[in-house]
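Novice: Got a predicted model here, sequence first, then my questions.
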2 protein chains.
Amino acid sequence: MDMNTELRNTCIDTLKHKGPGNACIQCGFRSSIFTKLSDEQFDKLALNKTFANAQKGEIIAKQYSEIKGFIFLRVGLAKLTRLNNDGREQIIGIATPKDFVGLLSIFSSKTYQYNIIAIENSEFCIVDYNLVLELVSTNGDFARTLLEKISQVADLMMETRLELERRQIRGRVAYIICYFANEIYKTTRFDLPVSRREIAELIDMRVENVVRILSEFRRDNIIRIEGTTIEILDQEKLRWIKMHG
Amino acid sequence: MDMNTELRNTCIDTLKHKGPGNACIQCGFRSSIFTKLSDEQFDKLALNKTFANAQKGEIIAKQYSEIKGFIFLRVGLAKLTRLNNDGREQIIGIATPKDFVGLLSIFSSKTYQYNIIAIENSEFCIVDYNLVLELVSTNGDFARTLLEKISQVADLMMETRLELERRQIRGRVAYIICYFANEIYKTTRFDLPVSRREIAELIDMRVENVVRILSEFRRDNIIRIEGTTIEILDQEKLRWIKMHG
DNA sequence: CATGTGCATTGTTATATATCAGAATTGATT
DNA sequence: AATCAATTCTGATATATAACAATGCACATG
């Protein structure tokens, strides 16, 4: 695949085509937090954004590196991680398409508080930081939308952490399987984008136990595992374990 | 103490006195997130806020009740809690004076996501929600300050949860003692405002174990316990446990 | 082909935490 | 003073999780 083909459908490549139906609209860029921008403001924003992509495993942003701008995940999947003092990597959450990744701490620090790492081949846009700030200052409705969005993200992240915390490992594994099935892939059969180790880092347990519980679920005919594919067989039972396990 | 004396120093009672040196300035109300307001805007805000106080144990705001406004904790201490499905109460964090409590989810929902409960006798002001929204729309600098503040609060809360999660009980207890000593009371000797049960709810472990670990710390001459008073005797050792325990 | 490396897996053992039961203490109320 | 309820505390035991050890497998590399 040559360079031209690869870029044909990216945000930056379609800047010339304005109005409904262009690729930027389709990719949800505007509908996410930029709904309240005027056409002029949106165009200016679009002109100042850059497109990039990341291979699975590639680092999109590094913890403690300077914040360059707002990162909009267009296609793919990314994990937010941080390195602990004890050298263990902790996964804070998963970013899905149309998310502004790292939105949370973007106004509190000059540097990223987390690593953003692609766990699937991903495409993303970076929006100039100062331009957004300018828009906050000049467009009150936009500011409000942004506040709402950040608030939502914060709530969701806290909720997830708190829900995970109070569960034991069976409940956690069930929770995370449901999370992938319901929130991310919206199907009962999907390819796990993360290794067992990463699941462990995400739900704060050991690799061996993740493996063990998954095997247990398989033995009990709750899930089917084929390579990296997982299929939920007994939604009822899985749900029960998620709630009471 | 009669009513007049009691109210003399409250925010609402000093509305008439403008300019530097009045009680509202002193209580940090303006310096928190309202630095960028014009005098007119600030006055309008001050006129639309109500003062209240809560006895230890009293509920300031109830989970899932409608959000009335921004709650500014003037004096005292409050805990943020939520009720789990399994009936256990989980403490999300502690709010200290000059905090806007419940700032996090205030833009994402019509209802409070957490209980706000006084754990010391407290005084607080409530600022009208719609007025703040109006200010967001009309004052870009204010909007930006608010974004920064929310971002900071979110970061701090996540950080705390993540730090607690990865520790075992000794480390958690040490962490929470240090938290009260360093962040809240800024002294090595203080009255614990929370019961053992509440500590357990805060750091996600069982009451018996909190008690046990505290006794252990006392036996090892790391802390001294006298009634509700705790004094840190061996800062070094406590710090070590906090990091590696 | 041989070798190495990382990941997934399983069993065994050690450790950490929860649970249960009961005693001691405190504070509030009568 | 007596009672009650809630909290703190301690010990014994059960359970959950981590740690350790070893194997197989897939895949890359020389």
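Specialist: Arrived safely, thanks for sending.
Novice: Not counting the strand or helix carrying residue A:217 itself, show me its contacts.
Specialist: Residue A:217 is part of helix A:207-219, with elements assigned from DSSP states H and E. By C-beta atoms under 8 Å, 6 or more residues apart in numbering or on different chains, the residues outside helix A:207-219 that reach it are A:169-170, A:173-174, A:177, A:196-197, A:199-200, A:203, A:223-225, A:238. Quick note: C-beta positions are derived from backbone N, CA and C, even for glycine.
Novice: 10 Å - rerun?
Specialist: A:168-174, A:176-177, A:192, A:195-203, A:205-206, A:222-225, A:230, A:232-234, A:237-238, A:241, A:245 (C-beta atoms under 10 Å, 6 or more residues apart in numbering or on different chains).
Novice: what's the distance between the residue nearest to residue A:237 when sequence neighbours are not counted and residue A:189?
Specialist: Leaving aside its sequence neighbours, residue A:237 sits nearest to residue A:222 (C-beta to C-beta, 6 or more residues apart in numbering or on different chains; 5.2 Å). Distance, residue A:222 to residue A:189, using C-beta to C-beta, to the nearest Å: 14 Å.
Novice: Give me the more crowded residue out of the two.
Specialist: Taking other C-beta atoms under 10 Å in any protein chain shown, residue A:222 and residue A:189 do not tie; residue A:222 has more neighbours (20 against 14).
Novice: Let me see the contact set for residue A:72.
Specialist: A:11, A:27-29, A:32-34, A:49, A:51, A:97-101, A:103, A:123-127.
Novice: Which single residue in chain A comes nearest to DNA strand D?
Specialist: residue A:168 (2.6 Å; C-beta to the nearest atom of the strand).
Novice: quick one: the strands in chain A?
Specialist: Secondary structure of chain A by DSSP state E: the strands cover A:49-54, A:59-61, A:69-75, A:78-83, A:89-95, A:100-101, A:115-118, A:122-128, A:189-191, A:223-226, A:229-232.
Novice: Direction included, what does the third one pair up with?
Specialist: Same thing as strand A:69-75. strand A:100-101 (antiparallel), strand A:122-128 (antiparallel) (DSSP bridges).
Novice: correct me, but residue A:53 touches residue A:78?
Specialist: No. Using C-beta atoms under 10 Å, residue A:53 is not in contact with residue A:78; the gap is 11.5 Å.
Novice: out of the two, which sits in the busier spot?
Specialist: For residue A:53 and residue A:78, the more surrounded residue by other C-beta under 10 Å is residue A:78, and the numbers stand at 30 against 17.
Novice: Touching, the more buried one and residue A:115? I think so.
Specialist: Yes. Applying C-beta under 10 Å as the test, residue A:78 and residue A:115 come out as touching, 9.4 Å apart.
Novice: what's the overlap in contacts for these two?
Specialist: Listed contacts common to residue A:78 and residue A:115 are A:59, A:60, A:61, A:102; contacts here mean C-beta under 10 Å, 6+ apart.
Novice: So which bits of chain A are right by DNA strand C?
Specialist: A:195, A:196, A:197, A:207, A:208, A:211, A:212, A:214, A:215, A:225 (C-beta under 7 Å from any atom of the strand).
Novice: Of these, which qualify as buried by neighbour count?
Specialist: Buried by 16 or more other C-beta atoms under 10 Å in any protein chain shown: residue A:214, out of the residues of chain A next to DNA strand C.
Novice: so can I have CSV of the residues of chain A next to DNA strand C showing distance to DNA strand D and pLDDT?
Specialist: Compiled in CSV, those are given as follows (distance: C-beta to the nearest atom of the strand, whole Å; pLDDT from 0 to 100):
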residue, distance to DNA strand D, pLDDT
A:195, 12, 96
A:196, 11, 96
A:197, 13, 96
A:207, 9, 97
A:208, 4, 97
A:211, 9, 97
A:212, 8, 97
A:214, 13, 97
A:215, 13, 96
A:225, 14, 94
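Novice: check whether stretch A:88-106 contacts DNA strand D.
Specialist: No. Using C-beta under 7 Å from any atom of the strand, we find that stretch A:88-106 stays clear of DNA strand D, coming within 9.3 Å at best.
Novice: Now that stretch: buried residues?
Specialist: Buried, per 16+ other C-beta under 10 Å, within stretch A:88-106: A:90-95, A:97, A:99-106.
Novice: Any idea how far apart the tips of it sit?
Specialist: 24 Å (C-alpha to C-alpha, to the nearest Å).
Novice: Same check on stretch A:90-107?
Specialist: 22 Å.
Novice: before we move on, back to that, only the buried subset of the contacts of helix A:207-219, as a ChimeraX command please.
Specialist: Only the buried entries of these go into this ChimeraX selection, using 16+ other C-beta under 10 Å:
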select /A:169,170,171,172,173,174,176,177,192,198,199,200,201,202,203,205,222,223,230,232,237,238,241,245
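Novice: Point out the ones among the contacts of helix A:207-219 that are inside helices.
Specialist: If you go by DSSP state H, those have A:169-174, A:176-177, A:196-203, A:237-238, A:241 in helices.
Novice: what residue is smack in the middle of chain A?
Specialist: residue A:95 (0.4 Å; C-alpha atoms, centre = their mean).
Novice: what about it, distance to DNA strand C?
Specialist: 21 Å (C-beta to the nearest atom of the strand, to the nearest Å).
Novice: Quick check: bridge partners of that residue?
Specialist: With DSSP bridges as the rule, residue A:95 is bridged to residue A:78.
Novice: contacting residues for it?
Specialist: Residues near residue A:95 by C-beta under 10 Å, 6+ apart: A:60, A:71, A:73, A:76-80, A:101-103, A:116-119, A:122, A:124, A:153.
Novice: same deal with residue A:106?
Specialist: A:67, A:69-71, A:100, A:112-113, A:129, A:132, A:146, A:150, B:147-148, B:151, B:155.
Novice: Kindly indicate the member of those with the most neighbours.
Specialist: Those, ranked by neighbours (other C-beta under 10 Å): first place residue A:146, 29 neighbours.
Novice: ok, now which ones touch that residue?
Specialist: Contacts of residue A:146 by C-beta under 10 Å, 6+ apart are A:33-34, A:36, A:70, A:100, A:103, A:106-107, A:132, A:135-136, A:139, B:107, B:136, B:143-144, B:146-147, B:150.
Novice: burial of residue A:231, as a residue count?
Specialist: Neighbours of residue A:231 (other C-beta under 10 Å): 13.
Novice: Check the gap between it and residue A:178 for me.
Specialist: 13 Å.
Novice: go on, residue A:93?
Specialist: Counting by C-beta to C-beta, the gap from residue A:93 to residue A:178 is 15 Å.
Novice: Is it correct that residue A:32 is in contact with residue A:152?
Specialist: No. Between residue A:32 and residue A:152 there is no contact under C-beta under 10 Å: 11.2 Å.
Novice: hmm, back to that, any idea of the pLDDT on the nearest residue to the residue of chain A closest to DNA strand D once chain neighbours are set aside?
Specialist: Once flanking residues are discounted, residue A:168 sits nearest to residue A:245: 6.6 Å by C-beta to C-beta, 6+ apart. pLDDT recorded at residue A:245 is 85.
Novice: contacting residues for residue A:245?
Specialist: With C-beta under 10 Å, 6+ apart, residue A:245 has these contacts: A:167, A:168, A:169, A:170, A:171, A:172, A:173, A:174, A:175, A:213, A:237, A:238.
Novice: Noted, bye for now.
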